[in-house]
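In: have a look at this fold, sequence not included:
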């Protein structure tokens, strides 16, 4: 699916075809064998397309500065999630990406529409042929549907975005990082108890994307499709080694392919700082980690390989 997206982009010579979050959707809907997002198939196509169109309209017709447009796009996608009672957080990226990148071509929402259909069709075929477990999309009320939660997220996003926007360093708040921030602040999934591991995964994805784009594609001239396929081969091997696939990392790895060449080498640093800030805010002001027990904090902030090597006190055997 990723190779197809890159191939079409090169064939048409249209970078607007590249939508990094689509890589995250493929991982979440095809590979990860559990419910990643609560949304029906038709609603996924509708939400992704509508939000992509909204982002383009903002770029084309909004008279407001970038920070205000970021606020508008975030408010719109938040409203979509609240009204539809879904948890398809990648729609945030669909609306915000064109705003940050200044994309105004209708090729972008058309690409998002077609790729959403392909991803959904692929998932259906995998489930029909029993290559993937069928996962129900029943919608239950959760914290993510409370307006107060989204208002709090909105305020923190704007506070974090002020410096990057006014300094022109917008890759500190690249949309996949915003998606990660929302997931970390809203989800009850296990990854929120692994902030150090998530940070390392995101930074590794950013570094890999930069290395492959700069050295293989820009310097050596390897076609982009081969560059990206090699990149994701390495990224997926990395996921297998750590046994923790994380969908936003796929999008982070693909972003270097759509940003100007002059910004590529600085990208991993911006990803590292942005990830650290977003995780810190999510952990302290949403998860309230300072209230957690000491043992819980130990598990969260010490990487798993180190924890496994730590000596644990032996329990007294009973009945011997």
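Out: Arrived safely. Just so we're clear, the structure is a prediction, and the values are computed from it rather than from any experiment.
In: mind listing the helices for the protein?
Out: Counting by DSSP state H, the chain has helices at residues 2-12, 21-26, 41-61, 66-84, 91-101, 107-128, 147-167, 175-186, 195-211, 224-242, 247-254, 267-281, 294-301, 304-309.
In: deepest of those helices, which one?
Out: Counting by mean count of other Cβ atoms under 10 Å, helix 247-254 has the highest mean neighbour count of the helices of the chain, with a mean of 29. Backbone N, C-alpha and C define where each C-beta goes, glycine included.
In: show me where pLDDT drops low in the stretch 1-150 of the chain?
Out: For the stretch 1-150 of the chain, the stretches with pLDDT under 70 are 137-143.
In: could you rerun that using 80?
Out: Within the stretch 1-150 of the chain, the segments meeting pLDDT under 80 span 135-145.
In: okay, residue 290: pLDDT?
Out: Per-residue pLDDT puts residue 290 at 74.
In: same question for residue 315.
Out: 49.
In: export the helices of the chain to CSV and tack on distance to residue 35?
Out: CSV is the format used below for the helices of the chain (distance: least, Cβ to Cβ, whole Å):
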stretch, distance to residue 35
helix 2-12, 22
helix 21-26, 14
helix 41-61, 13
helix 66-84, 16
helix 91-101, 17
helix 107-128, 12
helix 147-167, 20
helix 175-186, 13
helix 195-211, 19
helix 224-242, 18
helix 247-254, 12
helix 267-281, 23
helix 294-301, 23
helix 304-309, 24
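In: between these, which gets nearest to residue 217?
Out: Proximity to residue 217 (Cβ to Cβ) singles out helix 224-242 among those, at 4.4 Å.
In: any idea of the mean pLDDT in that closest one?
Out: Per-residue scores along helix 224-242 average to 95.
In: got the angle between that helix and helix 195-211?
Out: Put simply, helix 224-242 runs at 160 degrees to helix 195-211, going by axes from the mean of the first three to the mean of the last three Cα atoms, to 10 degrees.
In: residue ranges in the stretch 201-320 of the chain under the pLDDT threshold?
Out: 289-320.
In: can we see that at 70?
Out: 295-298, 303-320.
In: any idea how far the residue lying closest to residue 72 once chain neighbours are set aside lies from residue 25?
Out: Spatial nearest neighbour of residue 72, excluding adjacent residues (Cβ to Cβ, 6 or more residues apart in numbering): residue 58 at 6.2 Å. Remark: distance between residue 58 and residue 25 (Cβ to Cβ, to the nearest Å) = 22 Å.
In: ditto for residue 273
Out: Distance from residue 273 to residue 25, by Cβ to Cβ: 26 Å.
In: same question, residue 41
Out: 12 Å.
In: ditto for residue 125
Out: Residue 125 is 15 Å from residue 25, by Cβ to Cβ.
In: kindly report the same for residue 93.
Out: For residue 93 relative to residue 25 (Cβ to Cβ), the value is 10 Å.
In: what's the answer for residue 119, then?
Out: Applying Cβ to Cβ to residue 119 and residue 25 gives a distance of 5 Å.
In: what distance do you get for the residue nearest the centre of the chain to residue 279?
Out: In the chain, the C-alpha closest to the average C-alpha coordinate belongs to residue 248, at a distance of 2.7 Å (Cα atoms, centre = their mean). According to Cβ to Cβ, residue 248 and residue 279 sit 12 Å apart.
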